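>>> give me the fold of what follows.
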Amino acid sequence: MSDLHGAVDDYLTLRRSLGHKLERHNRLLHDFVEFLHGRETTTITTTLAVEWATMPAEAQPDWWATRLGVVRVFAKHHQATDPATEVPPADVFPAHSRRAEPFIYTDTQIRALLAAADKIHTPLKAATYGTLIGLLAVTGMRVGEAIRLDRTDFDPDSGVLTIRDTKFGKTRRIPLHPSTTDALVAYSQLRDTTLSTKRCEALFVSTVGTRLFYENVHPNFQRLTRDAGITARSERCRPRIHCLRHTFAVKTLTGWYRDGLNIDSRVHLLSTYLGHTEPSSTYWYLEATPELLGFAADRLEAAAGVLS
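Numbering: from 1, shown residues only. This next block holds a predicted model:
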């Protein structure tokens, strides 16, 4: 291990002692160190940090800013022991005051994504991405939650997934449709047959039998969107894997509106299912999605008519 890898570990140990988990920081910083080694240097410079941060090139600028931010905080710490270290400025990438517009996939587009995944040359990788995309589409799970699932978190007998260590440190259980349970059972059988001598605790694995990393999942998903012919609707509305979660939430709310159900009395159920800490996070979809906003306006207008 290089001195810089060791410095990263010392830095993470210090911050974890303060209560931070830093799983993403661990992966990103060690990946950055490997990038520096590829450039035959161990000195952090702004130029190299920005070059690494903007990988992959097709990612959202917000993701670039996240990557650079992780390096920037470490560089400030590391500069105390290595004065040659440059700390990247905080304003390299423009700040986004507005949340990105959710890209709501149509059923046809989701089928196209699954078909594109099925065409991946390696059978296990094809099954991994097809099953992962399908699970995200029908449950609205966060990507990080799905790739952190262990084998033991899936109970095929009860058809329930246990999601542990979520974004807000909570655990929740979500019931699965029988077809989803069957798909996960089939994937598990293929995974274990293909990697019979390489057992990993993760539910979703790479072709070498290790847990998936988001940093790898993202570019693979972007390739699948291109293969499926799915393009951005605007600069702020691009197809991302996280938008499968948005799509699930919007379609659930839309279905309730169309069925004439009382949204206010049911939204807490969706909030719990999605792992939101506050219903306000779920209500965001009403103002972020034109169709839902239209439904809400129609409902309000009808109510006003009754009261007048």
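
>>> dump stretch 249-264 to CSV, keeping only the CA atoms.
Coordinates of each C-alpha in stretch 249-264 appear next as CSV, following Å, rounded to 0.1, in the frame of the first residue of the first chain:
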residue,chain,number,x,y,z
ALA,A,249,-43.2,7.1,-6.9
VAL,A,250,-44.8,9.1,-9.7
LYS,A,251,-46.6,6.1,-11.2
THR,A,252,-47.9,5.2,-7.7
LEU,A,253,-49.2,8.7,-7.0
THR,A,254,-50.6,8.9,-10.5
GLY,A,255,-52.5,5.7,-10.1
TRP,A,256,-54.0,6.9,-6.9
TYR,A,257,-55.2,10.1,-8.5
ARG,A,258,-56.7,8.2,-11.4
ASP,A,259,-58.5,5.9,-9.0
GLY,A,260,-59.9,8.9,-7.1
LEU,A,261,-58.2,8.0,-3.8
ASN,A,262,-57.4,10.5,-1.1
ILE,A,263,-53.6,11.2,-1.5
ASP,A,264,-53.2,12.9,1.8
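
>>> now that stretch: mean pLDDT?
Average pLDDT, stretch 249-264: 80.

>>> can you give me how far that stretch is from the chain middle?
A distance of 24 Å separates the centroid of the chain from that of stretch 249-264, by C-alpha atoms, centre = their mean, to the nearest Å.

>>> remind me which residues of the stretch 1-150 of the chain are low pLDDT?
For the stretch 1-150 of the chain, applying pLDDT under 70 flags the ranges 1-2, 18-19, 57-58, 95-100.

>>> what about 90?
Across the stretch 1-150 of the chain, residues meeting the criterion (pLDDT under 90) sit at 1-3, 10-27, 54-66, 80, 89-104, 140-142, 144.

>>> show me the strands in it, by range?
Taking DSSP state E, counting those that start in this stretch, the stretch 1-150 of the chain contains no strands at all.
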